[in-house]
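# what would the 3D arrangement of this be:
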Amino acid sequence: MAGSWGRWLEDARFAPSGHNTQPWLLDPLSDDEADLYYVPRRLLPVEDTTGRFSACFLGVFAEALNVAAAADGRHVELVGEPAPVDLRPGTEPRLYGRLRAAQGATTDVDGAVLRTRRTSRLRYDGRLVPQIAVDDLTSVASELGHELHLFADRDTVDWVVGLNADTLFDDLEENDRREEIGDWTHFSNRRAAHARDGFSPRSLGFPGALLRLFFDHHGLIGGRRRRALLRRIYLRSMRGTAQVGYPKAVWQTPRQCFDSGRLLMRFWLELTRHGLVMHPFGSVITNDRSHAALVERLGGSEADAEIWLLFRLGYSSTPPRSERLSSEELTR
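Sure, this is the predicted structure:
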């Protein structure tokens, strides 16, 4: 795909999405405008029952395009107000909205950082985030009306990491959730490289045989002792986690959810600029029981603002890059 949008998409296609589904499609109309679509089969209707996270990921992608466009002295914005994401099954892409590329960059982030950003599910090295990075991250969050909360005390960190582990295992007990997650989990790195989406054994940090056991033969891992053993194995991969946190904001309308995605992309790139990595704990947010426990322990109240993202952050060795669809596959 030639033209400005094609150049920007080469970097923006590395934007993160839930389970690495990459639900977006771009239809360039001119150098100044492009239509943004989403693909129904790449949504997560079981875990994202309201479509708010799908809107968030479309915002992530739009901000990735915005960062890439800055190299050409331009910025990308969504025209008008978006409609809610339609989660019903379907085979045809659905129009989300129109993107406009206008003069004047709104960010000084180098588009190359989009390619170096990673989700790190590896062990962290125990170092705390330096105050200069905390200040920069707090500033980025506040730009779009989000409150950033970070926690470094051992009791809170261990509790959050344990809650995430328990939630993952609880979700796998529910057939519909396990099937949805399993649809985006490949049991070999070769298969993941062929599909260019979803989770690979390399990105998850677990052997393909163990992943297959979880999803294809789940009945074999029942019982308290086996679950306790698997939980210990999982928690071993979380060693070195010294800090956890979340942003809090009002995110009810489609526009608020979309803008939260733009914030997430900016926030993650700022982390990357400081040499930090992040690992979102999405299951805690989408699981009603775990979300309520999180709010009760750390959030106070969600009457005025909602916890929509939970993560651990810090330093790790360079994690593997997840596979990505090509620009041609992401163009309508």
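
# mind listing what's buried in stretch 164-176?
For stretch 164-176, a neighbour-count test (16 or more other Cβ atoms under 10 Å) marks 164-169, 171-172 as buried. To be clear about C-beta, it is placed using only N, CA and C from the backbone, and glycine gets the same treatment.

# cool, stretch 3-21 as well?
Of the residues in stretch 3-21, 4-5, 7-21 count as buried by neighbour count, 16+ other Cβ under 10 Å.

# now do that stretch, average pLDDT.
For stretch 3-21, mean pLDDT is 97.

# same check, this time on stretch 154-164
In this model, stretch 154-164 has an average pLDDT of 97.

# Ala15 falls within a strand, correct?
No: with DSSP: H, G, I helix; E, B strand; the rest coil as the criterion, Ala15 is assigned coil and is not in a strand.

# nearest residue to it other than its sequence neighbours?
Ala64 (3.8 Å; Cβ to Cβ, 6 or more residues apart in numbering).

# and the pLDDT at Val67?
With respect to pLDDT, Val67 scores 98.

# go on, Glu173?
We have a pLDDT of 87 for Glu173.

# coming back round to it: out of the buried residues of stretch 164-176, list just those in helices.
164-169, 171-172 (DSSP state H).

# how about those in a markdown table, adding distance to Ser188?
Formatted as a markdown table, these follow (distance: Cβ to Cβ, whole Å):
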| residue | distance to Ser188 |
| --- | --- |
| Asn164 | 26 |
| Ala165 | 25 |
| Asp166 | 28 |
| Thr167 | 26 |
| Leu168 | 21 |
| Phe169 | 23 |
| Asp171 | 23 |
| Leu172 | 20 |
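
# just the closest of these to Asp35, please.
Of all these, Asp171 has the smallest distance to Asp35: 34.4 Å, by Cβ to Cβ.

# circling back: so how far is His75 from the residue nearest to Ala15?
Distance, Ala64 to His75, using Cβ to Cβ, to the nearest Å: 12 Å.

# neighbour count for these two, which is higher?
Counted by other Cβ atoms under 10 Å, Ala64 and His75 do not tie: Ala64 has more neighbours, with 29 against 18.

# what's near enough to touch the more buried one?
11-15, 114, 265 (Cβ atoms under 8 Å, 6 or more residues apart in numbering).

# quick check: the farthest pair among those?
Using Cβ to Cβ, the two most remote members of the contacts of Ala64 are Arg13 and Met265, lying 12.9 Å apart.

# would you map the helices across the stretch 151-300 of the chain?
Per DSSP state H, counting those that start in this stretch, the stretch 151-300 of the chain has helices spanning 154-173, 175-183, 189-195, 201-204, 208-216, 224-236, 254-273, 282-286, 288-294. These are given in chain order.

# between those, which gets nearest to Glu47?
helix 282-286 (4.6 Å).

# if we can go back for a sec, which one of the buried residues of stretch 164-176 sits closest to Arg94?
Within those, proximity to Arg94 (Cβ to Cβ) peaks at Asp171, which comes in at 26.8 Å.

# wait, that closest one sits on Ile181?
Yes: using Cβ atoms under 8 Å, Asp171 and Ile181 qualify as a contacting pair, with a distance of 7.1 Å.

# count of residues packed around the residue nearest to Thr272 when sequence neighbours are not counted?
The shortest distance from Thr272 to any residue that is not its chain neighbour, by Cβ to Cβ, 6+ apart, is 4.5 Å, and that residue is Arg117. Summarising burial for Arg117: neighbours were counted as other Cβ under 10 Å, giving 19.

# same check, this time on Glu302
If you count neighbours by other Cβ under 10 Å, Glu302 ends up with 15.

# could we number from 3 for the rest of this?
With 3 as the first residue, the last one maps to Glu304.

# output the below-cut-off pLDDT ranges for the stretch 203-334 of the chain.
224 (pLDDT under 70).

# what strands line up against the lengthiest strand in the chain, and which way round?
Assignment by DSSP state E gives strand 96-105 as the longest strand of the chain. The sheet places strand 96-105 alongside strand 35-40 (antiparallel), strand 76-81 (antiparallel), with pairing taken from DSSP bridges.

# what mean pLDDT would you report for the first one?
Just to be clear, that refers to strand 35-40. What strand 35-40 shows for mean pLDDT is 98.

# residues contacting that strand, please?
By Cβ under 8 Å, 6+ apart, the surrounding residues in contact with strand 35-40 are 7, 25-31, 56, 60, 63-64, 80-81, 87, 95-103, 334.

# go on, the last one?
With contact meaning Cβ under 8 Å, 6+ apart, strand 76-81 is reached by 6, 10, 35, 38, 64, 67-68, 71, 99-109, 260.

# could I have the ChimeraX command that selects the buried members from those?
Selecting just the buried residues from those in ChimeraX takes one command, with 16+ other Cβ under 10 Å as the test:
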select :6,10,38,64,67,68,71,99,100,101,102,103,107,109,260
